[in-house]
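> No sequence on hand, only this structure:
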Ligand code: ATP
């Protein structure tokens with residue numbers, strides 16, 4: 001029992017004094033380092049994952065392995081020692097390979113997740129700073145804003161409509177409204193409404209708190225370790241493949257039974273018939289497929305990471321390849337989010353501001369003449385309003401000639417810069433007493449100030465939000481319409497426009513509420529700022545166009561600004577009509593109109609999070625595969641709903657990140673396009689792998705069946721089949737994962753999401769190659785016997801034929817459409833490394849004595865090798881001719897004699 005009061009029972013002052021910190025200044029650097037040494041980093045232990053042993057054992061939990069273990073048991077009973085040892089060895093090797101591949105894929109994903117650390121806004125040494133959440137110590141003063149994850153356990157000192165979602169901790173799904181007053185008694189976590197707990201999410205409002213515990217001492221640290229975000233490597237495709245292998249299993253078992261009975265009817269000894277059935281079963285099942293798919297997807301993940309797209313959910317890799325629409329935010333994603341105020345507008349007065357970036361260096365001009373803002377009371381107040389109603393800060397460059405940096409919202413930083421250009425600095429502003437934070441839904445922010453002149457509130461926000469709250473003088477030319485017209489004319493220049501209002505309030509007013517500023521504001525003016533489009537976004541939009549992927553801009557900004565920016569990005573053009581819709585219009589559309597707008601619209605302005613959700617839903621209903629970007633707290637439902645939810649790592653909120661499938665480390669639209677391109681590449685490579693691997697299984701099964709039906713000895717024993725399947729999949733097939741993206745990959749339309757991966761053409765090719773392999777292996781086997789070779793030698797030739805045939809065929813599979821010579825014989829060096837490894841292994845298999853006795857092989861002569869190589873070459877040639885034939889057929893099928901690249905690729 002402890003007599004000390006719990007944190008929630010103490011008053012703010014008690015907590016602060018016991019943690020030895022002053023809330024106005026925060027901790028000093030020396031205190032921070034002393035406490036860091038004492039308490040360690042604010043980090044949770046990594047999640048307890050399935051133990052390594054368990055994951056290894058799970059490798060045996062596969063239908064194929066059951067068959068193999070069954071075969072192993074029966075061969076043991078039959079006293080076929082070598083066979084049972086080899087089969088068992090293969091099971092073990094298979095498990096090890098599977099385990100290693102899985103571990104690699106998991107590590108790659110987890111490492112990426114870890115690379116995005118969480119940040120916290122703190123007050124240290126009297127200054128606001130953004131630090132890594134890991135560096136927090138007890139006593140740190142933390143500022144909370146909507147969308148952030150609470151970085152440690154906090155006793156709240158200030159709450160401005162603060163609501164926190166604590167579902168991860170308490171299971172309560174509704175966000176909890178927070179206060180600061182002490183609470184009495186021994187109450188549960190969910191009721192401690194003056195505390196903020198690590199890992200919970202701020203969904204509304206803002207607040208301030210003092211860190212009471214960090215790392216494993218936090219409540220979440222006590223009950224569990226870090227939630228592991230990548231728990232599964234399953235994707236729709238791996239699921240489909242698993243289902244397919246299960247189905248195949250039954251078919252194979254039936255075929256194996258038929259083989260066994262056929263052999264028995266032919267009068268073969270039972271043991272031989274059984275071995276034939278086992279050979280057929282192990283041969284026909286594509287055992288390496290699920291593991292190969294996972295590893296190929298994981299390679300896709302790391303390729304995407306190199307291009308600034310971090311995958312949080314493995315299925316996204318696949319979905320990206322079939323994306324048909326990208327709905328993108330404007331500010332920061334399509335544009336640079338580097339704001340500079342260029343124009344000021346007050347009733348009867350307009351001024352231009354020069355200068356670039358956030359450097360507060362620039363001049364004011366009106367009608368081309370330089371002016372001093374001090375002489376213009378209205379302009380002066382407009383700049384004061386911009387700087388006062390502001391949470392950002394500007395930092396001078398550390399070295400002369402360096403660039404000015406900002407903390408906070410670029411829109412607000414631009415307002416600070418424009419004010420400073422007129423000599424208005426933060427210390428000349430009236431002290432702030434209270435504020436109502438900006439929210440995308442309300443589109444305004446308000447602050448309450450007090451000085452000798454009186455108490456007043458400043459409001460800044462969208463033109464609509466501010467003018468709706470203003471009272472315009474009667475019989476004056478200054479009307480809401482005049483302001484809107486002025487704002488629209490600035491918007492036509494592509495400027496982002498903010499409006500400002502002011503209201504005098506009672507002298508003793510200490511708190512600002514929405515009611516105070518809902519009416520009766522005096523209009524102050526407008527500030528227009530440029531936000532240039534990202535150069536790479538212009539190119540990326542063009543790429544999407546060519547790739548049959550629609551780009552739609554979804555923004556909170558004004559329709560005219562959005563449209564002008566949309567035009568400069570190539571999303572729309574000046575004379576395109578009916579492609580811009582506003583949130584209000586969307587709200588009023590009926591279902592049919594909404595569907596039409598969603599499909600044909602290109603710019604959606606002043607949208608609410610609900611509009612975003614409605615757009616995604618409507619597009620999906622119309623069979624579109626939608627990637628949607630978002631950064632705000634309320635974007636989460638749309639991000640979850642989208643086929644690929646994309647969050648911004650730099651500016652996005654933790655809430656949005658949590659809901660997303662993918663994150664952009666550079667917040668750049670071009671990275672979404674890059675991810676789509678990589679997604680297509682992964683899908684292509686998976687397809688190539690399937691087309692390459694399935695004929696091995698088909699061929700092996702056919703060889704066994706033919707032998708049994710003809711009543712002749714088996715050309716391949718189960719151990720041989722296992723050898724071929726294991727070695728070729730790893731040494732040859734997996735190398736297709738490193739295949740560079742084919743030329744023109746972004747010049748063809750996306751593949752239909754639910755279309756089968758293998759179409760008729762590819763299925764025919766798989767069948768063709770299965771037959772060719774059967775013919776070659778069976779033919780050479782019989783030929784060797786005819787030449788008088790021993791059974792073992794003939795079998796060795798048959799096995800080698802499979803390996804060599806697969807190696808030659810690998811070249812055909814490097815592109816499913818064009819010849820390998822077009823792709824470039826040496827453009828994937830991994831293919832050659834794999835080939836060389838395979839050759840060495842095969843030589844060991846044939847010539848090393850202990851392998852010979854384990855696998856019942858024997859050395860073969862040069863002539864046999866030559867025949868094998870010739871057959872392999874012939875096989876590859878036939879497939880090459882088939883591809884060529886298909887290509888000419890495609891060309892003639894297209895009436896246009898000059899097929900477009902997209903047709904070419906199909
Ligand atoms: P996107 O969704 O493309 O990122 P956005 O950033 O322009 O769009 P919001 O942040 O929702 O969208 O902003 C909508 C409008 O709210 C802006 O056009 C502007 O008028 C106003 N606004 C933006 N930031 C602030 C702010 N910090 N304070 C007050 N008003 C703001």
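Structure's in. What do you need? The model shown is predicted, which means the values in this text are computed figures rather than measured ones. Numbers count the residues shown, from 1 in each chain.

> Can you report phi and psi for the nearest residue to residue 847 once chain neighbours are set aside?
Distances taken as Cβ to Cβ, 6 or more residues apart in numbering place residue 859 nearest to residue 847, at 5.4 Å, with adjacent residues excluded. (Each C-beta comes from the backbone N, C-alpha and C, glycine too.) Main-chain torsions, residue 859, degrees, to the nearest 10: phi -60, psi 140.

> what's around residue 859, how many residues?
14 (other Cβ atoms under 10 Å).

> give me the residue from this protein nearest the ligand.
residue 556 (2.4 Å; Cβ to the nearest ligand atom).

> Now do the SS call for the closest residue to that residue other than its chain neighbours.
Nearest residue to residue 556, sequence neighbours excluded (Cβ to Cβ, 6+ apart): residue 440, at 5.2 Å. Following DSSP: H, G, I helix; E, B strand; the rest coil, we place residue 440 in the coil state.

> now swap in residue 629 and tell me
Residue 629 - assigned by three-state DSSP - is strand.

> what bridges to the nearest residue to it once chain neighbours are set aside?
Closest residue in space to residue 629, ignoring its immediate chain neighbours: residue 646 at 4.4 Å, by Cβ to Cβ, 6+ apart. On the basis of DSSP bridges, residue 646 is bridged to residue 629, residue 662.

> Could you point out the longest helix of the protein?
Looking across the chain with DSSP state H, the single longest helix is helix 669-710.

> what inclination does the helix or strand following it have with respect to helix 669-710?
Reading on from helix 669-710 to the C-terminus, the next helix or strand found by DSSP states H and E is helix 718-731. Between helix 718-731 and helix 669-710, the angle comes out at 160 degrees (axes from the mean of the first three to the mean of the last three Cα atoms, to 10 degrees).

> and the helix or strand following helix 718-731, what does it pack onto?
Next along the chain after helix 718-731, taking DSSP H and E as the criterion, comes helix 760-786. With contacts defined as 3 or more Cβ pairs under 8 Å, 6 or more residues apart in numbering; DSSP states H and E, the packing partners of helix 760-786 are helix 669-710, helix 791-813, helix 862-893.

> In CSV, list those helices along with distance to residue 279.
As requested, the helices and strands packed on helix 760-786 are exported to CSV (distance: least, Cβ to Cβ, whole Å):
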stretch, distance to residue 279
helix 669-710, 5
helix 791-813, 11
helix 862-893, 20
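
> any chance of these in a markdown table, with mean pLDDT, distance to residue 382 and mean neighbour count too?
Output for these, formatted as a markdown table (pLDDT from 0 to 100; distance: least, Cβ to Cβ, whole Å; neighbours: other Cβ atoms under 10 Å):
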| stretch | mean pLDDT | distance to residue 382 | mean neighbour count |
| --- | --- | --- | --- |
| helix 669-710 | 89 | 33 | 24 |
| helix 791-813 | 94 | 66 | 24 |
| helix 862-893 | 89 | 64 | 15 |
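
> Let me know which of the ones you listed is the nearest to residue 719.
helix 791-813 (9.5 Å; Cβ to Cβ).

> Run the chain-centre distance for the next helix or strand after the closest one.
The helix or strand immediately downstream of helix 791-813 is helix 820-823, counting by DSSP H and E. Offset of helix 820-823 from its chain centre (Cα atoms, centre = their mean, to the nearest Å): 32 Å.

> Residues of the chain that sit close to the ligand?
Residues of the chain lying near the ligand by Cβ under 6 Å from any ligand atom: 329-332, 409, 411-412, 438, 440, 443-445, 460-462, 496, 498, 555-558.

> Could you list which of those residues belong to strands?
Among the residues of the chain next to the ligand, the ones falling in strands (DSSP state E) are 444, 445, 460, 461, 496, 498.

> Let me know the pLDDT of the closest residue to the fifth one other than its chain neighbours.
Excluding the flanking residues, the one nearest residue 496 by Cβ to Cβ, 6+ apart is residue 529, at 5.2 Å. pLDDT for residue 529: 95.

> Pairing partners for residue 529 in the sheet, please.
residue 341, residue 496.

> Let me know how buried residue 216 is, in neighbour terms.
Counted with other Cβ under 10 Å, residue 216 comes out at 14.

> Equivalent analysis for the one 3 residues further on, please.
In terms of burial, residue 219 registers 19 neighbours under the definition other Cβ under 10 Å.

> ok, it - contacts?
153, 169, 189, 197, 198 (Cβ atoms under 8 Å, 6 or more residues apart in numbering).

> Try it again at 10 Å.
The neighbourhood of residue 219, defined by Cβ atoms under 10 Å, 6 or more residues apart in numbering, consists of 153, 166, 169, 170, 189, 192, 195, 197, 198, 199, 200, 213.

> what's the farthest-apart pair in those residues?
Among the contacts of residue 219, 170 and 213 lie farthest apart (Cβ to Cβ), at 17.1 Å.

> quick one: which of these two has more around it?
Taking other Cβ under 10 Å, residue 170 and residue 213 do not tie; residue 213 has more neighbours (20 against 17).

> per-residue pLDDT, the nearest residue to the more buried one once chain neighbours are set aside?
Nearest-residue entry for residue 213: residue 153, 4.5 Å, with adjacent residues in sequence omitted and distances by Cβ to Cβ, 6+ apart. Residue 153 is assigned a pLDDT of 93 by the prediction.

> Just want to check the distance between residue 153 and residue 193.
Noted for residue 153: a distance of 14 Å to residue 193, by Cβ to Cβ, to the nearest Å.
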